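Colleague: kindly generate the corresponding structure for this input.
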Amino acid sequence: MAKAAFVLFALVLAVAGNSPLSAQVQSNQTLPLDQVRPGMQGYAYTIFAGDQVERFDLEVIGVLPNFLGPKQAIILVQLKGPKVEHTGVVAGMSGSPVYLDGKLAGALSLKLGVFTKEPIAGVTPIADVLAGGAQPGSDPGSSTASGPQAPMGGELAARAGVQAGAELRSIETPLVFSGFQPAAIQKFAPQLDGMGFVAAQGGTVAPRADDGKLAPGDMAGMVLVSGDVSVNSACTVTAVQADRVFLCGHPFLNLGEVQIPMARSRVLTTLSSDLASTKIVNVGGAIGTITGDHLTAVSGKLGPTPAMIPMELTTKSALGSRTLHAELVNHAKLTPLLVGITAYNGITQNISYGEGTTQKLHAEIRLKGHAPVTLENTFAPGDSLNPDGMPIALNIMSVFTRLFANPFEAVQVEKIAVSVESVPGRQSYSIESAWLEKGEAAPGETLRLRVLVRPYRGTPRIEETTVKVPDQAARGTTLRVLVSDAEWMNRASRGFAGGTGQGPEGLDPLISLINRERRNDRVYVGVFAPSPTMLWDDKELPNVPLSQINAIDGRPAPGSVQILRESLAGESSIALSGPVSGIVSLNLPVR
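Modeller: Okay, here's the model as predicted:
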């Protein structure tokens, strides 16, 4: 009986040694870097499946001084145990707390090489993790800045391949996409790869009461998109100090001080791959705010979450309509890309979408304290392999890039509303010819103009509008009547470089400029008079006397003024049901 009780007690101790509770107890003490020696035996915690934080062993190979930067060292370790020797260093494992002598020594953050036979990893010292996640103005100190550092043993270094120049790189941060098709993610793969992400599909689970009860070895990350679709990063928690959370052991994007929602991540399983093992993750409930993204750690605070940008995307077709609701993080570097990915996925991945249809876009971007930004454009299918929905997403994405890149003030987006209507067939038009009812006209006279347009694979037809000769037009001069698409009219009125100045001188002028941009489903008719136009930043000054041009030119910054030899004296347009291309130029003498 006594023997059975002893065996049961031993089993309880063994289970407790592999539980999350053990990690919480161990995390109270830290080990300075100057006490790390080659050959030390230690262990780390992470999740391979479910909510069970598991322990795996490791051995210290040595220390790489000044690896991340001046006085920023890395501890090189070899992972041991059947699971890590099978999976290697796993994407999403970054931030796993590493313990030496029973004390928290750092966070797993780097991996060595690709297709390596041994799982070699780099560990960010705990002092740098805590310093990287410190509140602004605090000075937690860094153990890498002082004290002797144990060099790497020569035999172990050679075995690790460091002398051969093997590359230590940050462990990939899975960017978990829920509600996205692989085709939608792949279209933005170059942008995602450039940011160091590993795009992975995952799911979302309902919030749980214990989501905010984090322990070292658990997983959490940034919420970039939430709602009917979601995009989240996923890292392992290194340490929890009161309401402060430290994770990753390396930067997400090195964004500095941020305000991004933080959510719990829950692991389904770990996918083993010789190229890139990764965790398959479900995203749980929001638990706080990511406040810092620095070289040695991502840090956050448990509690309330910051506001996000609501986005509503409605798609319409003969099959019906569908509305997608999402919320996006408000950040200058992230929001434009996230808007593009979310819009493209919402447009193309629903039953109302089909290739070979003409897409009519209407979008409104509401900004706090400013007039809304409106977009009206039509996109016809092309003959290339590029999906027809991509130009719409890129159009919306480019507008957000212009708004967030403005140098005047931070943009606060209150809501994004996007509507895309699919019309069967390829509805596009080319301008083939144009003619006026008379060969000359008097000042103030109005003439009829006919334009011959050819629909795609259709019968040409004639569209009519009128042209008014300016009242102030000088007799004996010749006006130019330009019949063209939006792009050619933009070039004629703004120069072929689109204006070489610095652009609008404020957010309101930028919004005004975007809102009055010409639509691509119009035939534009412009009447140009033979008098100079001065383009100064975002301002168009027609009919400027040469004396004033000479007085002004040279005062602004070099290149901010452009002189056109014509002035746009009048403009009209003809609305069609699809994009227009082509140009015709007519001369109109004034008698």
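
Colleague: A strand includes Lys438, no?
Modeller: No - note on Lys438: no strand contains this position according to DSSP: H, G, I helix; E, B strand; the rest coil, which reports coil.

Colleague: I'd like the distance between it and Val229.
Modeller: Distance, Lys438 to Val229, by CB to CB, to the nearest Å: 58 Å. C-beta coordinates here come from the backbone N, C-alpha and C atoms, glycine included.

Colleague: one more: Ala73?
Modeller: 41 Å.

Colleague: before we move on, what about Ile126?
Modeller: 36 Å.

Colleague: okay, the two: which has more neighbours?
Modeller: Of the pair Ile126 and Val229, Ile126 is the one with more neighbours under other CB atoms under 10 Å, namely 30 against 22.

Colleague: check contacts around that one.
Modeller: When contacts are counted by CB atoms under 8 Å, 6 or more residues apart in numbering, Ile126 touches Thr30, Leu31, Leu104, Ala105, Gly106, Ala107, Ser143, Thr238, Ala239.

Colleague: so how far is Asp243 from the fifth one?
Modeller: Spelled out, it's Gly106. When CB to CB is the yardstick, Gly106 and Asp243 sit 22 Å from each other.

Colleague: among the two, which residue is more densely surrounded?
Modeller: Ranked by neighbour count (other CB under 10 Å), Gly106 and Asp243 place Gly106 first, with 32 against 11.

Colleague: now that one, nearest residue through space, not along the chain?
Modeller: Ranked by CB to CB, 6 or more residues apart in numbering and with sequence neighbours excluded, the top spatial neighbour of Gly106 is Val123, at 4.1 Å.

Colleague: name the element that neighbour belongs to?
Modeller: Under DSSP states H and E, the secondary-structure element containing Val123 is strand 120-125.

Colleague: name the surrounding residues that touch that strand.
Modeller: Residues outside strand 120-125 that contact it (CB under 8 Å, 6+ apart) are 33, 36, 58, 61, 64, 67-68, 73-79, 89, 98, 105-113, 142-144, 160-161, 168, 171, 249-250, 296-297.

Colleague: buried residues in that strand?
Modeller: The neighbour-count criterion (16 or more other CB atoms under 10 Å) identifies Ile120, Ala121, Gly122, Val123, Thr124, Pro125 as the buried residues of strand 120-125.

Colleague: repeat that for stretch 406-414.
Modeller: Of the residues in stretch 406-414, those scored as buried under the neighbour-count criterion (16+ other CB under 10 Å) are Asn406, Val411, Val413.

Colleague: out of the residues you listed, which comes closest to Gly389?
Modeller: Using CB to CB, Val413 is the member of those that sits closest to Gly389, with 22.2 Å.

Colleague: for the closest one, give its distance to Ser109.
Modeller: With distances defined as CB to CB, the gap from Val413 to Ser109 amounts to 33 Å.

Colleague: ok, now Leu328?
Modeller: Remark: distance between Leu328 and Ser109 (CB to CB) = 28 Å.

Colleague: check Ala297 too.
Modeller: Look at Ala297 and Ser109: by CB to CB, they are 9 Å apart.

Colleague: now Thr87
Modeller: Taken as CB to CB, the spacing of Thr87 relative to Ser109 amounts to 17 Å.

Colleague: when those two are compared, which one has more neighbours?
Modeller: Residue environment comparison for Thr87 versus Ser109 gives the larger neighbour count to Ser109, 33 against 20, counting by other CB under 10 Å.

Colleague: which helix or strand lies directly C-terminal to the helix or strand containing Glu487?
Modeller: When secondary structure is defined by DSSP H and E, Glu487 falls within helix 486-494. The first helix or strand that comes after helix 486-494 along the chain, using DSSP H and E, is helix 507-515.

Colleague: in that next one, which residues are buried?
Modeller: Along helix 507-515, the positions that meet the burial threshold by neighbour count (16+ other CB under 10 Å) are Leu507, Pro509, Leu510, Ile511, Ile514.

Colleague: again with stretch 333-340
Modeller: Within stretch 333-340, the residues scored as buried using 16+ other CB under 10 Å are Leu334, Thr335, Pro336, Leu337, Leu338, Val339, Gly340.

Colleague: what's the spacing between the second one and Ala405?
Modeller: According to CB to CB, Thr335 stands 11 Å off from Ala405.

Colleague: give me the element the spatially most central residue of the chain is part of.
Modeller: Residue closest to the average C-alpha location in the chain (CA atoms, centre = their mean): Leu337, at 3.1 Å. Following DSSP H and E, one finds Leu337 within helix 335-348.

Colleague: which elements pack onto that helix?
Modeller: If contacts are counted by 3 or more CB pairs under 8 Å, 6 or more residues apart in numbering; DSSP states H and E, helix 335-348 sits against helix 182-186, strand 219-227, strand 230-233, strand 309-317, strand 320-328, helix 390-404, strand 413-424.

Colleague: dump those into CSV; add mean pLDDT and distance to Val198 as well.
Modeller: As requested, those are arranged in CSV below (pLDDT from 0 to 100; distance: least, CB to CB, whole Å):
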stretch, mean pLDDT, distance to Val198
helix 182-186, 84, 11
strand 219-227, 93, 13
strand 230-233, 91, 10
strand 309-317, 93, 25
strand 320-328, 92, 21
helix 390-404, 93, 22
strand 413-424, 93, 27
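
Colleague: out of those, which is closest to Leu588?
Modeller: In terms of CB to CB, the element of the helices and strands packed on helix 335-348 nearest to Leu588 is helix 390-404, at 34.6 Å.

Colleague: and for stretch 574-584, what's in contact with it?
Modeller: Stretch 574-584 is contacted from outside by 358, 378-380, 423, 426-434, 451, 453, 455-456, 463, 465, 482-486, 488, 520-523, 525, using CB under 8 Å, 6+ apart.

Colleague: circling back to that earlier point, overlap in contacts of Ala297 and Ser109?
Modeller: Thr124, Cys248, Gly249, His250.

Colleague: give me the number of residues near Gln584?
Modeller: Wrong residue type there; residue 584 is Val, not Gln. Around Val584 sit 18 other residues, with neighbours defined as other CB under 10 Å.

Colleague: can you tell me the SS state at it?
Modeller: Using three-state DSSP, the three-state assignment for Val584 comes out as strand.

Colleague: that one pairs with what?
Modeller: Legend: beta-bridge partners of Val584 under DSSP bridges are Val483.

Colleague: and the pLDDT for it?
Modeller: Val584 is assigned a predicted lDDT (pLDDT) of 97.

Colleague: ok, now Asp139?
Modeller: Among the per-residue scores, Asp139 holds a pLDDT of 41.

Colleague: cool, and Arg522?
Modeller: Listed pLDDT for Arg522 reads 95.

Colleague: kindly report the same for the one 10 residues further on.
Modeller: Turning to Pro532, the model gives it a pLDDT of 72.

Colleague: over to Val267?
Modeller: Among the per-residue scores, Val267 shows a pLDDT of 83.

Colleague: how about Pro530, what does it touch?
Modeller: Pro530 makes contact with Thr477, Thr478, Leu479, Arg480, Arg565, Glu566 under the criterion CB under 8 Å, 6+ apart.

Colleague: confidence-wise, which of those residues comes last?
Modeller: The member of those with the lowest model confidence is Arg565, at 73 (criterion: pLDDT).
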